[in-house]
Each structure stands twice: as C-alpha cells, then as structure tokens.
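Fold the following for me, if possible:
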Amino acid sequence: MNNIEYIPIAALNQYAYCPHRCWRMNCVGEFSDNQYTIEGTSLHERVHTTSEGNREETWQVRAIWLKSEKYQLIGKSDLIEVESGEFYPVEYKRGHKGKWDNDELQVCAQALCLEEMTGKIVTTGYVYYAQSHQRQLVNISPDLRQDTIATIQAVTQLLETGMMPKPVYSKRCEGCSLKTQCLPKALEKVQRYQEAN
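Next up is the predicted model:
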C-alpha cells in the first residue's frame with residue numbers, strides 16, 4: 001500500500017460516495033456487479049471508443065488519459081471538449097443527478113489534470129446523465145477545488161495506510177454493489193448489542 005504512484009480519478013468518486021466502498025475496491029480489490037454497475041459499464045464501453053472530431057464549433061475527443069503529477073492523479077476521460085480555446089471535461093453517468101457531490105468531484109479532478117496538461121484554467125465541466133439525457137453544469141469553483149483536493153488527500157491517506165473506514169449505513173447502501181460484503185446494518189446491530197451488554 002505504501003508506494004502508491006497515482007490515484008485513480010474514479011477513486012475520488014468512490015470515496016465521496018462511501019469511504020468504506022473506496023477501501024474495499026482499492027485496498028482489498030473487491031468488486032461485485034449489480035444492475036447499476038452493469039449499466040454503467042455498458043455506457044462507458046460505448047463512450048470509451050477512442051475518437052476525435054468536430055461537432056459544429058466544438059472539438060471533441062473521447063477516451064484519452066488524463067494525468068496530474070502535482071496531485072498524483074490518473075484516469076481516462078469520457079469526453080473532453082474544446083470550444084474557443086476553452087477545455088471542458090464531460091463525465092458520463094448511467095442514472096440521473098443524485099443528491100450527492102461525488103460526480104462533481106470527479107469532474108473537478110479531471111479539470112485539475114487538464115489544467116496541468118494544457119496550461120489553461122478550466123472553469124467549467126459537465127456530467128451527462130444517460131437516464132435523463134441531460135448535461136448538468138459543474139462550476140469548477142474555489143470551494144469545489146478545495147473539496148476535491150481534500151478528497152485527494154483523504155484517498156491518498158487511505159491508500160497509503162490501508163486502514164479500513166467503518167461501514168456506515170445510509171440510503172446510498174441500497175444501490176451499492178458491495179452491500180452484501182459490507183453488511184452495514186449488521187455492523188450497527190453488533191455495535192448496539194455490544195453497547196447494551
């Protein structure tokens with residue numbers, strides 16, 4: 001664990017969604033499919049066909065690798081657009097906009113990589129939600145940048161130490177493909193039992 005070279009950009013999304021899930025996937029190497037992961041994989045297989053071209057005034061390139069030495073990040077983009085010299089990362093997601101900011105963190109991390117790779121400031125990105133067929137604007141604000149950098153630091157520490165964050169049950173657990181490995185409700189019951197005795 002101690003000699004991590006680069007953090008997968010997707011690990012930031014996983015950590016923001018659930019630190020325990022991120023630990024299981026990146027430290028233990030566990031992964032299970034469910035309906036949502038299969039739909040997401042199918043979407044990304046279509047999106048990750050390397051290509052480039054123009055769409056009206058916008059140049060688009062799909063499935064290119066992004067990397068940051070400063071933040072030790074690496075990951076494959078879904079889509080990068082360039083219009084009037086401005087770069088925009090576009091992340092594809094299977095569902096629709098949720099209540100959490102994990103997708104925005106992933107877009108911001110891509111923006112940080114693009115800035116380092118191009119020397120240009122990236123102020124905007126998008127999340128395309130396949131279920132609604134709509135793009136959600138992501139403002140790469142100072143606050144989002146701070147949150148992203150803090151998440152990078154947290155994931156770095158997680159990967160370096162390998163220490164398991166406790167599973168905590170929330171509504172997010174219902175859609176998680178690792179719910180049966182994690183058993184967050186069972187842990188809650190054990191803790192309540194131990195506290196009672």
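
Just the buried positions in the longest helix anywhere in the chain, please.
Looking across the chain with DSSP state H, the single longest helix is helix 142-161. Buried residues in helix 142-161, counting neighbours by 16 or more other Cβ atoms under 10 Å, are found at 144, 147-148, 151-152, 154-155, 158-159. All C-beta atoms are positioned from the backbone trio N, CA, C, and that covers glycine.

Let me have those in TSV, adding distance to V138 and pLDDT as columns.
Shown next, in TSV, are the buried residues of helix 142-161 (distance: Cβ to Cβ, whole Å; pLDDT from 0 to 100):
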residue	distance to V138	pLDDT
L144	7	97
D147	12	97
T148	11	97
T151	15	97
I152	17	97
A154	20	97
V155	19	96
L158	24	95
L159	25	94
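
Dump those residues into CSV; add distance to L178 as well.
Shown next, in CSV, are the buried residues of helix 142-161 (distance: Cβ to Cβ, whole Å):
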residue, distance to L178
L144, 27
D147, 24
T148, 23
T151, 19
I152, 22
A154, 19
V155, 17
L158, 15
L159, 17
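
one step back: beyond the longest helix of the chain, next helix or strand please.
helix 179-182 (DSSP states H and E).

Not counting that following helix itself, show me its contacts.
For helix 179-182, the surrounding residues in contact (Cβ atoms under 8 Å, 6 or more residues apart in numbering) are 20-21, 24, 30, 32, 167, 173, 176.

so what pLDDT did Y126 get?
pLDDT, Y126: 96.

Tell me which residues touch it, please.
88-91, 107, 135-138.

what's across from it in the sheet?
Judged by DSSP bridges, the bridge partners of Y126 are V90, L137.

and the gap between it and Q181?
33 Å (Cβ to Cβ, to the nearest Å).

before we move on, what about E86?
Taking Cβ to Cβ, one finds E86 at 42 Å from Q181.

For the protein, just list every one of the strands.
7-8, 51-55, 58-62, 65-68, 73-76, 79-83, 86-93, 124-129, 134-139 (DSSP state E).

so which of these comes closest to L112?
Among these, strand 65-68 comes nearest to L112, with 5.7 Å by Cβ to Cβ.

Adjacent strands (with direction) for the closest one?
strand 73-76 (antiparallel).

distance between the strand it pairs with and the chain's centre?
Strand 73-76 has its C-alpha centroid displaced from the chain centroid by 10 Å (Cα atoms, centre = their mean, to the nearest Å).
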